[in-house]
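J.: Mind folding the following:
(one chain, ligands or ions: 1)
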Amino acid sequence: MEKTNNDDTNNLNSKNTEKITKDYKIIGDELRTKQLTGRGSKFGKYSEFIVGKKGFAAFLKYEFLTCTFSDCPGALGIFLRGIFYRFLFKKVGKGVSFGRNITIRHPNKIVIGNNVVIDDNCVLDAKGTENKGIEIKDGVFIGRNTILSCKDGNITLEENTNIGFNCELCSANDLNIGKNTLIAAYVYFVAGDHTFNVTDKPVIEQIGRSQGINVGENCWFGVKATVFDGVNIGNDVIIGASAVVNIDIPSFSIAVGIPAKVIKSRL
Ligand SMILES: CC(C)(COP(=O)(O)OP(=O)(O)OC[C@H]1O[C@@H](n2cnc3c(N)ncnc32)[C@H](O)[C@@H]1OP(=O)(O)O)[C@@H](O)C(=O)NCCC(=O)NCCS
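T.: Alright, predicted model coming up:
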């Protein structure tokens, strides 16, 4: 690995760090994976990272509800989780369907509206120390294996958002998806990133940062599209299959390619 520990580089790095601190939210070290494997009791770490609340009562409730109902198959499982999971989350509306084997973290920071469907094997992870968490509004559908992952950030899915299978929405800041937005399978929203301006440390040991992602209403994301941190997407936008979006996209545009470029307006 190239070493760049000279004065010039250190100056450059400290300047970059100042700029990052001003423009970006810095991702706290406490949520790094190494904290999970660091010192402390296993019970304490489990409560902090998984349950999201301290104390034996919160632990017991979480364990009882997830162990008893998570894996129950068929219509019976959906029925039972519909009744009992409302005691797990901060708020659950009417007519919510929870699929099988959903991984749930920090459920006390997850709000779910009416008539929401969360398919099998999804992950709802509202992890963080100071975040608001996840809000899933009325009529949202989340396809199987899709991961909503907060790293001290927030995720909001507005009404009637439809997310396909195997998507990932990752947020260390604010990730908002506007209403009536259709997201095809394997789409990835990366609302948080690593810095890499120092070359004598591996990327994993450098600070993380995040600006968040905002998506307007009525958008459509083609299969395997990727959206980078800091991007704002207007209303009624179409993003082509496999696009990598690293710039803001104005309303009513169609953008395709790597990196994504606007190829036409829908107006
Ligand atoms: C973006 C999209 C809607 C554009 O459709 P369209 O307006 O009919 O566009 P066209 O087919 O006329 O293509 C226009 C140009 O963009 C290119 N293009 C279209 N989609 C592209 C893509 N995903 N990536 C790269 N280039 C693409 C075409 O090759 C064409 O290039 P050319 O002018 O050099 O020949 C469509 O191509 C697409 O990607 N749809 C997503 C499908 C999908 O994932 N569905 C999931 C079901 S939920």
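
J.: drop to CA atoms for contacts and neighbour counts, all remaining ones
T.: Noted.

J.: Would you mind measuring from residue 164 to the ligand?
T.: Using Cα to the nearest ligand atom, to the nearest Å, we find residue 164 at a distance of 7 Å from the ligand.

J.: er, residue 51 I mean
T.: In terms of Cα to the nearest ligand atom, residue 51 sits 34 Å off from the ligand.

J.: For the nearest residue in space to that residue that is not next to it in sequence, grab phi and psi.
T.: Sequence neighbours aside, residue 106 is the residue nearest to residue 51 in space, at 5.2 Å (criterion: Cα to Cα, 6 or more residues apart in numbering). Dihedral pair for residue 106: phi 50, psi 50, per degrees, to the nearest 10.

J.: Repeat that for residue 77.
T.: According to degrees, to the nearest 10, residue 77 has phi -60, psi -50.

J.: So which bits of the stretch 151-267 of the chain are right by the ligand?
T.: 184, 222, 223, 239, 240, 241, 242, 256, 257 (Cα under 6 Å from any ligand atom).

J.: what about residue 189, is that helix, strand or coil?
T.: Counting by DSSP: H, G, I helix; E, B strand; the rest coil, the backbone at residue 189 sits in strand.

J.: Quick one: residues contacting it.
T.: For residue 189, the contacting residues are 168, 169, 170, 213, 226, 227, 228, 229, by Cα atoms under 8 Å, 6 or more residues apart in numbering.

J.: One more: residue 241?
T.: 221, 222, 223, 224, 225, 256.

J.: nearest spatial neighbour of it, skipping sequence neighbours?
T.: residue 222 (4.0 Å).

J.: Then residue 109?
T.: residue 133 is the one closest to residue 109 (Cα to Cα, 6+ apart), at 4.9 Å.

J.: Wait, the one you found touches residue 157, no?
T.: No: judged on Cα atoms under 8 Å, residue 133 makes no contact with residue 157 at a distance of 11.5 Å.

J.: re the thing from before, looking at the residues of the stretch 151-267 of the chain next to the ligand, state which has the most neighbours.
T.: Using other Cα atoms under 10 Å as the neighbour criterion, residue 239 leads these with 28 neighbours.

J.: Any chance of the backbone angles for residue 45?
T.: With angles defined as degrees, to the nearest 10, residue 45 sits at phi -70, psi -40.
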